[in-house]
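J.: Here is my input; please provide its structure:
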Amino acid sequence: MKTNANAETFELGVCYYPEHWPEQLWADDFRRMVETGFTIVRMAEFAWSIFEPQEGVFQFGLFDRAIDLAHSYGLKVILGTPTATPPAWLTERYPEVLNVTYDGVTLQHGSRRHYNYSSPKYRELCARITTQLAQHYNTHPGVAGWQIDNELNCEINVFYSESDHQAFREWVQAKYETLERLNDAWGTVFWNQTYTSWSQVFLTRPTPSPMQPNPHQALDEKRFISDNAISFARIQADILRKVAPSQWVTTNGLFGHLDSHELNDELLDFFSYDSYPQFSTISDDSNEVNPLRDRSWSLSLSVVRSISPNFCIMEQQSGPGGWVNRMDMPSPKPGQMRLWTYQSIAHGADKLLYFRWRTATMGNEIYWHGINDYHNQPNRRVKEAAQVGRELAEAGKHIVGTRNEAKIALLRDYDNEWDGEYDVWYGPFMWQSNKEWFKALQKRHISNDLIYLRSKTTLEDLTPYEVLIYPHPAIMSDATAALLDQYVQQGGTLIFGCRTGYKDTRGQCYMRPFPGAAKDLCGITVEEFTLVKGTRPATSIQWGNDPEALTGADAFNDILHVEEDSVEIMGTYASDYYAGKPAVTRNKRGTGEVWYYGAVFNEQAALKIVDSLNLASPVADWLELPGEVELQIRKSETASYVFLLNYSEEPVTIRLKAQKRDLLTGRTVSGSFTLEGFGVLVLY
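T.: So this is what the prediction gives:
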């Protein structure tokens, strides 16, 4: 039975590692946590050798004392199963549990996540330690719930041990049943790859052209990795459900080659995420126009919300971040830690734990700073966390359980993400177009959701949205096209980008006019297409008859041909041999419409469509906001809370045509109001 992330009060807390610190520090740490406003701590996810110092020998003393002491201060505890870091005795005795790279190099003990999901021995030992922990702590009044493993598929999300090859062979045999079907799905007739025995089937392996395996095999490989990770996590989830039924189960992450929606649906009470907004700033593309920087992290939080509408932030950035030799993130400026906290809450978090209570003095994460510094003296991050604690002590009980509201959604799916990793003819475009659409919507203060189309998706999942944006779904089944057509016919607006609909679910190209499965929806065909690269210079799109209304036609150009009388040409290419040819079309279908944009989206093009559709901010009638401010709305049946987040270091002015109250401070807000740099308001 699933429980919700939300409770009657907002859970604010911190990650804590009692095994890292002298025991005489614990009581003072827990006391100060409570004074800061924390109610929950996470511990033990990397402590296998403490619980099981030798194979089959279990001890619980250290964590018994830590959990008892935390509970005595009124703190709840989240326990992590310690399977992300198998101990040295285990990997020495059972080297088959270790992961192996694509090139055949065995990854050794000395870091973390050095195991594979397929090893029968590792699964056995993980089940045993999970059972021991669950039996020992299943009735402890201080243990609220469990985190399975830690960040599944983090560090590395491909697996090539002998156990993985065997498990993959069994997976494809179960999926295809016959070699004839497998050969057909993988197109093995090309380059004479045909298999005549199951023993010839492996995960992708090095080929004469480096990293160029069969693309259809590579797509199935990613599907297998996801299924295998979920199978691994299921072992622990089933044990916890059986042995500790009164405690909830979650896990944290959002990493590649893992269907997190399926993981959550099948195994978890709610999903958890690790939120580090500065990851989006240290990897800035210097060529990006109008980058959103830490604000772009909200797009990732929208993904999390699509998995679990109310979720937990298991690790919230609280200071400078970095390992000894990588991920070097600078210190947040005063106010940014609080801003990022409310960024997570605005997008659906009902529990939030900072990483970590105190910065580690040893290991690779000695620069991944916590709230407290090494010296344990007061600092501004502690003060900032305490401010959040005071605010949420009252405001949190109003926020928990409320749901985000949006009328526009970006669409994604796992098949296109995974296939697009390898296929450069469309894969990179999805990420660019998602970001550019997000910028455009942010600029207009229009909230959006993000939906993953899956086999479980129904029309009822789509109809709450007035507009769906599905930028570059190269893989599209006829069933998906039919579902989207239902959405359009009943009044929805659907927007595609170039490279839509021309592949089937095997990743093979349809022998149909492009856009393949989406042709009837769009009422057009693609008469020709080209990458915008090398000798093919960039062109522009002219919108309507205004010669000044030009936007870039980025990266790829589909030259369109109108097939139906219901199609209206909204834009044409402005140069090259296809000047004057349709670039953007709108097809009236039923009571809805389908747009086809023949290039990769940029912010200006997205804004053109936003304006053509007369889309406006949901608060436009009573609130004027500057561009620096993000808007998110969380609602219950009886209340609506408008989150305003200022990502600028400088104060900005907002203007209200109605009197509102700030949930965090209780003050009344009306007229012209100055929101401080990195400031937050929650209006109701």
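J.: so what are the domain limits for this protein?
T.: Domain ranges of the chain: 11-97+109-154+233-402, 408-612, 623-683, per automatic domain parsing.
J.: With mean pLDDT, distance to Tyr195 and mean neighbour count added, can I get those domains in CSV?
T.: In this view, the C-beta of every residue, glycine as well, is placed from N, C-alpha and C. Compiled in CSV, the domains of the chain are given as follows (pLDDT from 0 to 100; distance: least, CB to CB, whole Å; neighbours: other CB atoms under 10 Å):
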stretch, mean pLDDT, distance to Tyr195, mean neighbour count
domain 11-97+109-154+233-402, 97, 21, 19
domain 408-612, 97, 15, 20
domain 623-683, 98, 51, 17
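J.: Output those domains as a markdown table; include the columns distance to Thr207.
T.: Below are the domains of the chain laid out as a markdown table (distance: least, CB to CB, whole Å):
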| stretch | distance to Thr207 |
| --- | --- |
| domain 11-97+109-154+233-402 | 20 |
| domain 408-612 | 13 |
| domain 623-683 | 45 |
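J.: Which strand runs longest in the protein?
T.: Criterion DSSP state E: the longest strand present in the chain is strand 652-661.
J.: which element follows it toward the C-terminus?
T.: Counting by DSSP states H and E, the element after strand 652-661 in chain order, helix or strand, is strand 668-675.
J.: Pull the distance from that next one to the chain's centre.
T.: 34 Å (CA atoms, centre = their mean, to the nearest Å).
J.: Next: stretch 476-492.
T.: Here stretch 476-492 is found 25 Å from its chain centre; the criterion is CA atoms, centre = their mean.
J.: could you pull out the strands for the stretch 451-600 of the chain?
T.: 467-470, 493-496, 524-531, 539-543, 550-553, 556-562, 567-573, 582-589, 592-597 (DSSP state E, counting those that start in this stretch).
J.: hang on, the earlier thing: does anything pack onto the longest strand of the chain? Which helices or strands?
T.: Counting contacts by 3 or more CB pairs under 8 Å, 6 or more residues apart in numbering; DSSP states H and E, strand 652-661 is packed against strand 623-624, strand 640-646, strand 668-675, strand 680-683.
J.: at 7 Å what do you get?
T.: Secondary-structure packing of strand 652-661 (3 or more CB pairs under 7 Å, 6 or more residues apart in numbering; DSSP states H and E): strand 623-624, strand 668-675.
J.: Now do the contacts for Gly145.
T.: Counting by CB atoms under 7 Å, 6 or more residues apart in numbering, Gly145 makes contact with Ile78, Gln247, Trp248, Val249, Thr250.
J.: meant to ask about Ser302
T.: By CB under 7 Å, 6+ apart, the residues touching Ser302 are His347, Asn448, Asp449, Leu450.
J.: which residues does the closest residue to Gln217 other than its chain neighbours contact?
T.: The spatial neighbour of Gln217 that comes closest, neighbours along the chain excluded (CB to CB, 6 or more residues apart in numbering), is Trp186 at 5.1 Å. By CB under 7 Å, 6+ apart, Trp186 lies in contact with Asn214, His216, Gln217.
J.: give me that answer again for 10 Å
T.: Residues in contact with Trp186 (CB atoms under 10 Å, 6 or more residues apart in numbering) are 172, 176, 193-195, 201, 214-220, 506-508.
J.: which one of these is nearest Gln377?
T.: Ala218 (52.1 Å; CB to CB).
J.: Settle this for me: the closest one is touching Thr204, isn't it.
T.: Yes - using CB atoms under 10 Å, Ala218 is in contact with Thr204, at 5.5 Å.
J.: got any residues that touch both of the two?
T.: Common contacts of Ala218 and Thr204, defined by CB under 10 Å, 6+ apart, comprise Met211, Gln212, Tyr422.
J.: Stretch 391-409: end-to-end distance?
T.: Length of stretch 391-409, first residue to last, CA to CA, to the nearest Å: 31 Å.
J.: cool, stretch 316-334 as well?
T.: By CA to CA, the extent of stretch 316-334 from end to end equals 16 Å.
J.: again with stretch 470-482
T.: Chord length of stretch 470-482, first to last residue, is 15 Å (CA to CA).
J.: What of stretch 310-322?
T.: Start-to-end span of stretch 310-322 (CA to CA) is 28 Å.
J.: Check the offset of it from the chain's centre.
T.: Distance of stretch 310-322 from its chain centroid, counting by CA atoms, centre = their mean, is 14 Å.
J.: for this protein, what's the longest helix?
T.: What stands out as the longest helix in the chain, according to DSSP state H, is helix 215-243.
J.: Partner strands of whatever helix or strand comes next after that helix and their direction?
T.: As assigned by DSSP H and E, the chain's next helix or strand after helix 215-243 is strand 248-250. In the sheet, strand 248-250 lines up against strand 143-147 (parallel) (DSSP bridges).
J.: Now do the partner strand against helix 215-243, angle only.
T.: Per axes from the mean of the first three to the mean of the last three CA atoms, to 10 degrees, the angle that strand 143-147 makes with helix 215-243 is 160 degrees.
J.: so how far is strand 143-147 from its chain's centroid?
T.: Distance, centroid of strand 143-147 to centroid of chain: 22 Å (CA atoms, centre = their mean).
J.: What is the subsequent helix or strand relative to it?
T.: Counting by DSSP H and E, the element after strand 143-147 in chain order, helix or strand, is helix 162-176.
J.: I'd like to know which elements that following helix is packed against.
T.: helix 120-137, helix 179-186, helix 215-243 (3 or more CB pairs under 10 Å, 6 or more residues apart in numbering; DSSP states H and E).
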